[in-house]
Each structure stands twice: as C-alpha cells, then as structure tokens.
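Enquirer: My questions concern the predicted model and sequence given below.
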Amino acid sequence: MADADYTLAPGALRDKPAVTPEAAQQRSFVLTEHLVAATRPGSIQAESFRALRSNLLSQHVSRGRRALAICAPAPEAGCSFVAANLAFIMAQAGVNTLLIDGNLREPGAHQFIASDQYGPGLGECLADDTLPLATAIKRVQPSLSVLYAGNAGIAAADRLGSSVFRNLVSQCLRDFDLTIIDTPPSSLSADARRIAAVTHYAMVVTRRDRTFVKDVQVLLDELAADGAEAIGTYLNDF
C-alpha cells in the first residue's frame, strides 16, 4: 500500500499537521470539509460519529466482525457521508480501517478524501484479478486506507457478485481490522445487496424527512434474505 501525507482542506477548523518540506512534496490527500469528523471535530455531527464508534467497537469489532456495508434504501440518504466519516473516526481510535468506495455507479469517496494520485481502484481490481490489490489501496494515515472506485465504469458493478469480489474482500479482512464499504442506493441497483451478502453485516443509513419507513423495511427484508445481518440504522441529519 502506498503511504502518503495528508492535509485538511482550506477553512478546516483544525491546524494542519506539521510536516517536513520533503513530506509536503509527497502530499497527495486532502481531507475535505465534508469529512466533518476531521474538519469539525467539535460539531454535533462529529460527536454522533464518536457515539456510533463506541457502539461499533463494543457490539461489532470486539466480536471479531471485520466488515460492514453501509447501505441506504434510496438516494440522498448520505451513505458516502456516513461511510467516510465513520472510517475516519474508527481510524482515530487506532482501528486499522479500510474504506472501500463500492459505489461504482456514482463514486463518492473522493468528495471526502481527495487525491491527486487516484490510480487504479476497485473497478480495475474487479476487471483484472491479476492486478495486485496492494497497488490500488492508498494509505491516508497510519490507521486509515482507501480503495477508490476507480475508472472501470458501471460494467464492473456486475462483478460485485463474483468470486473475484469475494476473494478481494477476504484479503481485506485479513489485512485490516475493519473494512467499511460504501454502496449505491438499493432502489437503483442490486449492488448494495451483492456487497452486503459478502460482508455479512450491514448498517442502514436513513435521512430525516427524506427516507420512508416502508423503504427501510424493504431493504432490511432484502438484506436478511441475502444472509446479511443489519446491525442497526443510522439517522443522518446533515
């Protein structure tokens, strides 16, 4: 995995980490303002992620569960927002965390952890199973790494149900304490179900005044039918 320094986006309410001139030349990641757990650590939103972290550490990670799909029943629930901020906050606690952008149809990880050196991502790994996974995973911080969606396009989404994806996730579970996978809305494709069937555990994201209870129930039923356990729901109010 490639190591790299990082900085906060301009305007972030936290001092930039001190780096040497040599490290500054190698910087390739920016934590944007949307990553509130990093840029606004004193906000109510950041505190809600810390509370969620406490629950996950005691009820999920401590039980040896090493993967979690972040799912939503419909667009605009904020799946990517929750996945990225949760990954960051878990890494802050020393949990070796990998964030995978599993939304190959409309990737979102780059909106939270931006880079000038994306390179190959999940799509390319699915399209070419000879591509070493380590070349696609980028280490942002000592305990936080990212596997971006890449540029393979929507066609790669069909491979989310393949043995290639299952093997990829298995390798991630061996290399990381926790693998968090962002997924597309379940109302638009079956990708979230395919991913959750591999991770075996999912968290459902809802948004105040946007998500319907009936849609949540449909998604919960679908996850159960696919053998994925929904460990809970998160009410997003960003």
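Expert: Yep, it's here.
Enquirer: Helix or strand next in line after the helix or strand of the chain with the lowest mean pLDDT, which one?
Expert: One helix or strand of the chain scores below all others by mean pLDDT, DSSP states H and E: helix 21-26, with a mean of 38. Proceeding C-terminally, helix 21-26 gives way to strand 29-31 as the next helix or strand, assigned by DSSP states H and E.
Enquirer: Buried residues, that next one. List them.
Expert: Counting neighbours by 16 or more other Cβ atoms under 10 Å, one finds that the buried residues in strand 29-31 are 29, 30, 31. Using the backbone N, CA and C atoms, a C-beta is placed for each residue, glycine as well.
Enquirer: next one: stretch 75-86
Expert: When neighbours are counted by 16+ other Cβ under 10 Å, the buried residues of stretch 75-86 are found to be 77, 78, 79, 80, 81, 82, 83, 84, 85, 86.
Enquirer: and the longest helix seen in the chain, average pLDDT?
Expert: Using DSSP state H, we find that the single longest helix of the chain is helix 44-59. Confidence over helix 44-59 (mean pLDDT, whole number) is 96.
Enquirer: go on, stretch 75-85?
Expert: If you average the pLDDT over stretch 75-85, you get 96.
Enquirer: now do stretch 145-160
Expert: In this model, stretch 145-160 carries a mean pLDDT of 88.
Enquirer: Dump that stretch to CSV, restricted to CA.
Expert: Included here for stretch 145-160 are C-alpha records, laid out as CSV according to Å, rounded to 0.1, in the frame of the first residue of the first chain:
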residue,chain,number,x,y,z
SER,A,145,-6.6,3.5,4.0
VAL,A,146,-8.9,4.0,1.0
LEU,A,147,-9.7,1.8,-2.1
TYR,A,148,-11.3,4.3,-4.5
ALA,A,149,-13.9,3.2,-7.1
GLY,A,150,-11.5,3.6,-10.0
ASN,A,151,-12.4,4.2,-13.6
ALA,A,152,-13.6,0.8,-14.8
GLY,A,153,-17.1,2.1,-15.2
ILE,A,154,-20.5,0.6,-14.5
ALA,A,155,-19.8,-2.6,-16.2
ALA,A,156,-17.5,-3.5,-13.3
ALA,A,157,-20.5,-3.4,-11.0
ASP,A,158,-21.7,-6.7,-12.5
ARG,A,159,-18.7,-8.3,-10.9
LEU,A,160,-19.7,-7.4,-7.4
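Enquirer: tell me how far it is from the chain's mean position?
Expert: Using Cα atoms, centre = their mean, to the nearest Å, the mean C-alpha position of stretch 145-160 is found 13 Å from that of the whole chain.
Enquirer: just stretch 30-43 next, same as before
Expert: For stretch 30-43, the distance from its own C-alpha centre to the chain's C-alpha centre is 15 Å (Cα atoms, centre = their mean).
Enquirer: circling back to that earlier point, what lines up beside the helix or strand that comes right after the longest helix of the chain in the sheet?
Expert: Once the chain leaves helix 44-59, the next helix or strand it forms, by DSSP H and E, is strand 67-71. Paired neighbours of strand 67-71 in the sheet (DSSP bridges): strand 178-182 (parallel), strand 201-207 (parallel).
Enquirer: Of all those, which one comes closest to residue 166?
Expert: Each of these was checked against residue 166 via Cβ to Cβ, and the shortest separation belongs to strand 178-182, namely 12.6 Å.
Enquirer: Not counting the helix or strand just after the closest one itself, show me its contacts.
Expert: Of the helices and strands lying after strand 178-182 in sequence (DSSP H and E), the nearest is helix 191-199. By Cβ atoms under 8 Å, 6 or more residues apart in numbering, the residues outside helix 191-199 that reach it are 67-69, 71-72, 102-105, 157, 160-161, 165-166, 169, 179, 181, 183-186, 202, 219, 222-223, 226-228.
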